[in-house]
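Colleague: model the structure of this input:
(one chain, ligands or ions: 1)
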Amino acid sequence: MHVDGKPYRTIWTVDPSGPVTIIDQTRLPHEFALVGLTSVAETAKAIKHMLVRGAPLIGVTAAYGLALAMRADPSDAHLSAASEMLLATRPTAVNLAWALATMRAHLVPLPQAKRSDAAFARAAELAEEDVALCAAIGDHGHALIRDIATKKTGTPVNILTHCNAGWLATVDWGTATAPIYKAHNAGLPIHVFVDETRPRNQGASLTAWELSQHGIPHHVIVDNAGGHLMQHGEIDLVIVGTDRTTATGDVCNKIGTYLKALAAKDNGVPFFVAAPSPSIDFAVFDGVKEIPIEERGEDEVSFIQGATADGRIERVRLTPQTSSAANPAFDVTPARLVTGLITERGILAASEAALAAAFPERITHKE
Ligand code: MRU
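Modeller: Alright, predicted model coming up:
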């Protein structure tokens with residue numbers, strides 16, 4: 001996608017002896033800064049402190065982290081230690097474990113002398129695959145938006161999205177935003193309501209920035225506004241991303257997604273989840289009971305970050321010093337509240353049967 005008219009991806013290498021370049025997402029929308037990662041430790045830090053974030057991008061970044069580890073020391077012991085270090089960064093998005101398992105399956109059988117080059121090549125393949133998955137989700141979701149647009153005869157299709165499941169959360173296109181970009185590029189009138197997404201404000205900071213860069217009309221709304229807008233017929237469709245979708249179609253995503261799904265159900269608004277297959281965990285069946293929910297630090301709730309009039313990025317305190325804060329970062333929307341899953345293989349019911357039929361190769365049969 002584009003930044004000031006220039007095409008970018010969220011992660012890239014120029015040559016396998018140089019750094020892995022990322023966009024520092026903690027500085028956006030105020031500053032567009034690139035960071036070069038040169039070691040697995042730096043990569044783990046970048047994931048943990050959310051310079052990169054979003055389930056698909058976390059996975060691809062971890063893959064490059066293993067490549068950096070193999071460049072430094074291609075031994076079995078280092079491969080295991082580096083995988084563990086990366087796996088410990090964030091617990092909820094399954095893409096992290098998926099990417100590490102994919103990389104390890106590729107690297108373990110290889111002689112050590114070949115592992116570094118092979119790891120960079122495989123990480124680059126995972127990045128390309130991610131772009132292709134998101135583009136396919138974009139095509140399926142575009143058709144959905146087109147159908148709604150046809151009924152609205154020229155007035156904009158109003159889409160609500162939560163957090164940032166945009167191109168910044170993936171390698172390119174985004175998951176929830178891919179249908180929006182494709183529909184917009186095809187000339188359909190679109191308007192997006194962007195949930196600010198406290199506490200880290202990925203909607204207000206990242207999704208709004210992306211949409212601005214692409215000239216897509218949008219309004220940032222506070223997290224509590226969605227239900228009201230739905231009651232007044234101002235939302236045609238909700239599309240969100242996912243950090244982990246279960247084999248039964250429960251959707252774990254950024255905290256607050258569940259409340260949007262409840263409001264959508266109550267108001268008859270279609271609630272779709274853009275779910276690339278690496279975000280589906282076929283080993284988990286009950287999202288509420290089984291998915292580990294990341295608890296992040298209190299400071300994300302107690303403080304808020306923004307830019308001063310002279311452009312400095314600063315944090316200010318919101319809450320009394322005497323108040324503690326709790327910060328669960330994700331929640332689970334039960335499958336019954338999900339209208340459909342937009343996957344790379346089409347739009348599916350959020351059900352075990354539909355997921356198993358679409359992804360038979362991912363089903364490991366129990367004896
Ligand atoms: O904590 P984050 O910013 O990594 O959370 C991101 C989300 O919850 C996204 O909606 C999800 O990863 C899907 S991204 C395509």
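
Colleague: tell me if the helix or strand that contains E129 is near the ligand.
Modeller: When elements are assigned from DSSP states H and E, E129 belongs to helix 112-152. No. Residues of helix 112-152 contacting the ligand under Cβ under 6 Å from any ligand atom: none, with a closest distance of 8.0 Å. Where you see a C-beta, it was placed from the backbone N, CA and C, and this is true even at glycine.

Colleague: next SSE downstream of that helix?
Modeller: strand 157-161.

Colleague: and the helices in the chain?
Modeller: Per DSSP state H, the chain carries helices over the ranges 40-48, 55-72, 76-87, 94-107, 112-152, 177-185, 202, 208-213, 226-231, 257-267, 287-290, 299-302, 352-358.

Colleague: in this structure, where is pLDDT below threshold?
Modeller: For the chain, applying pLDDT under 70 flags the ranges 365-367.

Colleague: now with 80, please.
Modeller: Scanning the chain for pLDDT under 80 picks out 16, 365-367.

Colleague: close to the ligand: what parts of it are there?
Modeller: Checking the chain against the ligand by Cβ under 6 Å from any ligand atom, the hits are 53-56, 93, 163, 165, 169-170, 175, 202, 241-243, 253-254, 329.

Colleague: so which of those are in strands?
Modeller: Residues of those located in strands (DSSP state E): 253-254.

Colleague: out of the residues of the chain next to the ligand, which are buried?
Modeller: Buried members of those, scored by 16 or more other Cβ atoms under 10 Å, are 53-56, 93, 163, 165, 169-170, 175, 202, 241-243, 253-254, 329.

Colleague: identify the bridge partners of I11.
Modeller: I22 (DSSP bridges).

Colleague: what about it, how many residues nearby?
Modeller: Using other Cβ atoms under 10 Å, I11 has 24 neighbouring residues.

Colleague: from the stretch 201-350 of the chain, which residue is nearest to the ligand?
Modeller: Across the stretch 201-350 of the chain, the shortest distance to the ligand (Cβ to the nearest ligand atom) belongs to G241, at 2.7 Å.

Colleague: quick check: that residue vs R315, distance?
Modeller: Distance, G241 to R315, using Cβ to Cβ, to the nearest Å: 26 Å.

Colleague: for H140, see how far away Y181 is.
Modeller: Here Y181 is placed at a distance of 13 Å from H140 (Cβ to Cβ).

Colleague: the more surrounded of these two?
Modeller: Remark: of Y181 and H140, Y181 carries more neighbours, 25 against 21, as counted by other Cβ under 10 Å.

Colleague: so the more buried one makes contact with L211?
Modeller: No. Using Cβ atoms under 8 Å, Y181 makes no contact with L211, being 9.1 Å away.

Colleague: domain ranges for this structure?
Modeller: 2-129, 137-362 (automatic domain parsing).

Colleague: R200 against F303, yeah?
Modeller: No. When contacts are counted by Cβ under 8 Å, R200 is not listed as touching F303 (10.8 Å).

Colleague: between the two, tell me which one has more neighbours.
Modeller: Between R200 and F303, counting by other Cβ under 10 Å, R200 is the more crowded of the two (25 against 16).

Colleague: give the contact list for the residue lying closest to W12 once chain neighbours are set aside.
Modeller: Excluding the flanking residues, the one nearest W12 by Cβ to Cβ, 6 or more residues apart in numbering is T21, at 5.5 Å. Contacts for T21 (Cβ atoms under 8 Å, 6 or more residues apart in numbering) come out as 11-14, 34-37.

Colleague: please give me every residue in contact with the residue nearest the centre of the chain.
Modeller: Taking Cα atoms, centre = their mean, the centroid of the chain lies closest to G54, which sits 3.2 Å from it. Listed by Cβ under 8 Å, 6+ apart, the contact partners of G54 are 93, 164-166, 168-170, 241.

Colleague: equivalent analysis for T248, please.
Modeller: 285-287, 335, 351-352, 355.

Colleague: what number of residues lie near the closest residue to it other than its chain neighbours?
Modeller: In this structure, T248 finds its nearest non-sequential neighbour in E352, 4.6 Å apart by Cβ to Cβ, 6+ apart. Residues lying near E352 (other Cβ under 10 Å) number 16.

Colleague: before we move on, what about T102?
Modeller: Neighbours of T102 (other Cβ under 10 Å): 20.

Colleague: swap in the one 10 residues further on?
Modeller: Residues within reach of Q112, counting by other Cβ under 10 Å, total 14.

Colleague: number of residues surrounding N224?
Modeller: There are 13 residues near N224, going by other Cβ under 10 Å.

Colleague: turn the helices of the chain into JSON lines, including distance to T339.
Modeller: Shown next, in JSON lines, are the helices of the chain (distance: least, Cβ to Cβ, whole Å):
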{"stretch": "helix 40-48", "distance to T339": "31"}
{"stretch": "helix 55-72", "distance to T339": "20"}
{"stretch": "helix 76-87", "distance to T339": "33"}
{"stretch": "helix 94-107", "distance to T339": "22"}
{"stretch": "helix 112-152", "distance to T339": "10"}
{"stretch": "helix 177-185", "distance to T339": "14"}
{"stretch": "helix 202", "distance to T339": "23"}
{"stretch": "helix 208-213", "distance to T339": "23"}
{"stretch": "helix 226-231", "distance to T339": "13"}
{"stretch": "helix 257-267", "distance to T339": "8"}
{"stretch": "helix 287-290", "distance to T339": "17"}
{"stretch": "helix 299-302", "distance to T339": "31"}
{"stretch": "helix 352-358", "distance to T339": "12"}
